[in-house]
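here is my input; please provide its structure:
(one chain, ligands or ions: 3)
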Amino acid sequence: MKINLLSRSAADWNTPLLVVFAADMADAKDPSIPPMLLTTHPSLQAAAAPWLASGEFKAGLGETFLLPAPTGLQARRLLLVGVGKTAKLSAHELRQGAGVAVRYARPRSLRDLALALPEHPSLATAPALRAMAEGAIIADFDIDFYRADRKDLGMETVSILVSGVDAADASLQTAVREGSILAESQNFARTLINEPGNILTPTELGRRAAAMAAEFGLACEVHSTEKLRELGMGAFMAVAQGSSQPPALIVLRYEPESAPSPDAPVIGLVGKGITFDTGGISIKPAENMDRMKYDMAGAASMIAAMRAIVQLKPAVRVLAVICSCENMPDGSAYKPGDVVTAMSGKTIEIINTDAEGRLVLADGLHYAQTLGATCLLNAATLTGAIGTALGQINAGLFSNDDATAQQFLDALAVTGEKFWRMPCTDDYREQIKSQIADIMNTGGSRFAGATAAAMFLKEFVGDTPPIPWIHLDIAATTWLDDQKPWQSRGPSGIAIRTITEWVRSYAS
Ligand code: BES
Ligand code: ZN
Ligand code: ZN
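Residues are numbered from 1 along each chain as shown. Ligands and ions are numbered 1, 2, ... in the order given. Below is the predicted model of the structure:
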């Protein structure tokens with residue numbers, strides 16, 4: 001999909017579908033005030049006025065209203081898209097609004113549309129444009145890749161029409177370009193996450209990462225069993241040993257062209273890449289087990305963030321370590337009661353083989369530090385418990401460092417994603433104490449399961465010197481069960497845009 005930013009009057013633009021946003025003006029005192037069209041152009045105002053006044057369209061977020069063959073316009077159809085209450089209007093609602101427009105067009109085989117940039121005092125132009133580009137591209141995705149009769153094909157062009165500002169302005173073109181890079185990377189991850197386990201094996205994930213790296217000029221290495229043994233990755237190897245598919249240890253490196261600032265950290269991104277999680281010997285119930293193909297979403301997020309980073313070129317060094325394998329029951333599988341030695345030297349008593357993500361991440365986090373990372377971020381579909389705590393609205397954020405956590409939370413204001421900070425203070429360490437080894441992988445308590453997993457990971461983050469670290473638990477937010485007006489059901493691609501924004505914040 002191509003996004004064009006043009007200085008054109010929306011009234012004179014010839015398009016199959018012209019999209020104009022409208023906001024809900026109603027307040028508690030006078031709910032009868034009609035919605036406001038977010039463009040002052042007289043012929044658009046005239047075309048929409050009767051329908052705004054009739055009360056049929058209330059401009060709620062995601063609401064649409066179609067006017068076929070509107071008089072006074074070149075466009076063949078005019079689509080009003082609601083962005084909700086005017087008082088709450090921000091770039092985030094425009095991201096969703098642009099998505100609604102695309103998801104209106106796609107099933108109707110309208111391959112081109114134009115969005116009129118809204119005029120509103122609370123909207124700064126560049127962030128609004130970036131958000132609209134993101135929303136349009138995120139919406140241009142569906143999960144039915146393997147259907148022979150796939151009809152709902154992608155958009156060809158989305159034109160954003162601006163008036164009163166110069167579309168040739170470099171900062172505005174950059175905003176559209178950055179939004180496109182971020183959203184295309186998000187869709188790249190969603191494609192990986194959507195792939196079934198028989199197709200996206202660890203080896204295939206390695207191939208896809210290497211192909212992406214070759215396309216964009218990232219350094220990439222893909223290792224397997226021999227290297228894991230050589231590095232002493234006993235925790236990662238324990239999980240991998242029950243599968244006939246070999247594991248993949250993927251390393252991606254981004255070296256900036258311009259020198260990083262002297263106090264900038266070397267960022268290490270670590271991803272959980274379980275391409276299918278049966279639970280292993282502690283096997284999962286059959287119901288919904290098919291979903292465990294998405295247990296590699298953390299890995300996909302990191303590969304996708306690297307894809308965005310290499311194009312946005314921040315002056316900061318970034319490396320990514322992806323630990324990918326299957327978690328299978330087998331004669332050679334690891335078992336409850338086994339004791340394994342992680343790469344860091346810590347011994348781990350296995351209580352439940354379904355708590356496998358923390359094991360592969362333990363070795364990934366340690367390895368990233370040996371490669372030079374001085375600041376760590378990992379993402380993982382780690383625990384069902386994070387959904388119990390936060391539902392499917394917020395993903396969980398855990399950190400050992402307030403400033404680093406805050407820097408990530410600040411990036412959310414730009415991306416519109418939702419993460420909630422959860423505790424992982426040493427009070428909770430009791431839960432992972434083992435009778436016979438340094439720690440155990442689960443089992444201390446049925447409470448605070450997501451924090452227990454975070455406490456386990458924290459054991460593998462250096463404290464002398466202290467390494468700032470963030471753990472993102474995206475288990476409950478990585479797959480949308482129901483479609484939204486602006487987004488398909490299926491893989492959400494959460495975290496990629498915020499991780500990238502957070503990485504960029506170290507370059508300035
Ligand atoms: N991959 C799962 C977590 C998960 C659950 C992801 C639901 C997505 C949706 C993880 O490996 C797991 O099985 N965790 C266990 C941990 C338990 C055994 C301590 C869990 O959450 O039940
Ligand atoms: Zn599991
Ligand atoms: Zn898992």
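
return the residues in contact with whichever residue of the chain sits closest to ligand 3.
Distances between the chain and ligand 3 by CB to the ion are smallest at D277, namely 3.8 Å. C-beta: built from backbone N, CA, C; applies to glycine. By CB atoms under 8 Å, 6 or more residues apart in numbering, the residues touching D277 are K284, M292, D295, E326, N327, D354, E356, G357.

my read is that the first one contacts M292, right?
It refers to K284. Yes: K284 is within contact range of M292, at 7.0 Å (criterion: CB atoms under 8 Å).

quick check: phi and psi at the residue of the chain closest to ligand 3.
phi -110, psi 100 (degrees, to the nearest 10).

partner residues bridging it?
N327 (DSSP bridges).

go back to the contacts of D277 and keep what's next to ligand 3.
Contacts with ligand 3 within those, counted by CB under 5 Å from the ion: D295, G357.

and which of the contacts of D277 is nearest to E134?
E134 has its nearest neighbour among those in D295, at 26.0 Å by CB to CB.

quick one: the helices in the stretch 401-508 of the chain?
Along the stretch 401-508 of the chain, counting by DSSP state H, counting those that start in this stretch, helices occupy 402-415, 449-458, 496-505.

D438 is nearest to which of those helices?
Per CB to CB, nearest to D438 of the helices of the stretch 401-508 of the chain: helix 449-458, 10.9 Å.

for this structure, give the helix that spans the most residues.
Secondary structure assigned by DSSP state H gives helix 170-194 as the longest helix of the chain.

tell me the contacts of T225?
M237, A240, P246, P247.

give the buried residues for stretch 57-70.
F57, K58, A59, L61, G62, E63, T64, F65, L67, P70 (16 or more other CB atoms under 10 Å).

disregarding residues adjacent in the polypeptide, which is nearest to M237?
Using CB to CB, 6 or more residues apart in numbering and skipping residues adjacent in sequence, the residue nearest M237 is L228, 5.0 Å away.

you'd agree the one you found is in a strand?
No: checked against DSSP: H, G, I helix; E, B strand; the rest coil, L228 lies outside a strand; its state is helix.

who touches stretch 84-98?
Everything outside stretch 84-98 that qualifies as a contact, by CB under 8 Å, 6+ apart, is 19, 21, 23-27, 36, 59-62, 81-83, 115, 118, 120, 122-124, 127-128, 130-136, 138-139, 158, 416, 484-486.

should've said stretch 401-418
So stretch 401-418 is in contact with 91-92, 95, 127, 131, 375, 377, 393-395, 397, 399, 419, 421, 466, 468-470, 477, 494-495, 497-498, 501-502, 505-506, going by CB under 8 Å, 6+ apart.

three-state assignment of the residue lying closest to L359 once chain neighbours are set aside?
Nearest residue to L359 in three dimensions, chain neighbours excluded: A235, at 4.1 Å (CB to CB, 6+ apart). Three-state call for A235 (three-state DSSP): helix.

where does the residue in the stretch 101-250 of the chain positioned nearest to ligand 1 fall, phi/psi-wise?
Sorted by distance to ligand 1 under CB to the nearest ligand atom, the residues of the stretch 101-250 of the chain start with V239, at 9.6 Å. Dihedral angles of V239 (phi, psi; degrees, to the nearest 10) stand at phi -70, psi -40.

related to what we said a few turns ago, using CSV, lay out the buried residues of stretch 57-70 together with pLDDT and secondary structure.
Shown next, in CSV, are the buried residues of stretch 57-70 (pLDDT from 0 to 100; DSSP: H, G, I helix; E, B strand; the rest coil):
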residue, pLDDT, secondary structure
F57, 96, coil
K58, 95, coil
A59, 97, coil
L61, 97, coil
G62, 97, coil
E63, 98, coil
T64, 98, strand
F65, 98, strand
L67, 96, strand
P70, 89, coil
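
max pairwise distance over those residues: which two?
L61 and P70 (23.2 Å).

picking that back up, pull out the buried residues from the longest helix of the chain.
172, 175-194.

now do stretch 438-456
438-444, 448-456.

stretch 427-436 now?
Buried, per 16+ other CB under 10 Å, within stretch 427-436: Y428, R429, Q431, I432, S434.

to G384, which of the helices of the stretch 401-508 of the chain lies closest?
Here helix 449-458 is closest among the helices of the stretch 401-508 of the chain (CB to CB), at 7.3 Å.

how about the closest one as CSV, C-alpha atoms only?
What follows is helix 449-458, C-alpha atoms only, in CSV (Å, rounded to 0.1, in the frame of the first residue of the first chain):
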residue,chain,number,x,y,z
GLY,A,449,2.1,-15.7,38.6
ALA,A,450,3.1,-12.9,36.2
THR,A,451,5.4,-11.4,38.8
ALA,A,452,6.9,-14.8,39.7
ALA,A,453,7.9,-15.2,36.1
ALA,A,454,9.4,-11.7,36.1
MET,A,455,11.3,-12.5,39.3
PHE,A,456,12.8,-15.5,37.5
LEU,A,457,13.9,-13.4,34.6
LYS,A,458,15.4,-10.8,36.9
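
what about it, average pLDDT?
Regarding helix 449-458, the rounded mean pLDDT is 98.

quick revisit: of the contacts of stretch 401-418, which belong to strands?
C375, L377, A395, L397, S399, F419, R421, W469, I470 (DSSP state E).

pick the one among these closest to R108.
A395 (33.1 Å).

what does this structure put close to ligand 3?
So the chain meets ligand 3 at I274, D277, D295, G357 (CB under 5 Å from the ion).

can those residues go into CSV with extra columns for secondary structure, distance to ligand 1 and pLDDT?
CSV is the format used below for those (DSSP: H, G, I helix; E, B strand; the rest coil; distance: CB to the nearest ligand atom, whole Å; pLDDT from 0 to 100):
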residue, secondary structure, distance to ligand 1, pLDDT
I274, strand, 6, 99
D277, strand, 5, 99
D295, helix, 4, 99
G357, helix, 5, 98
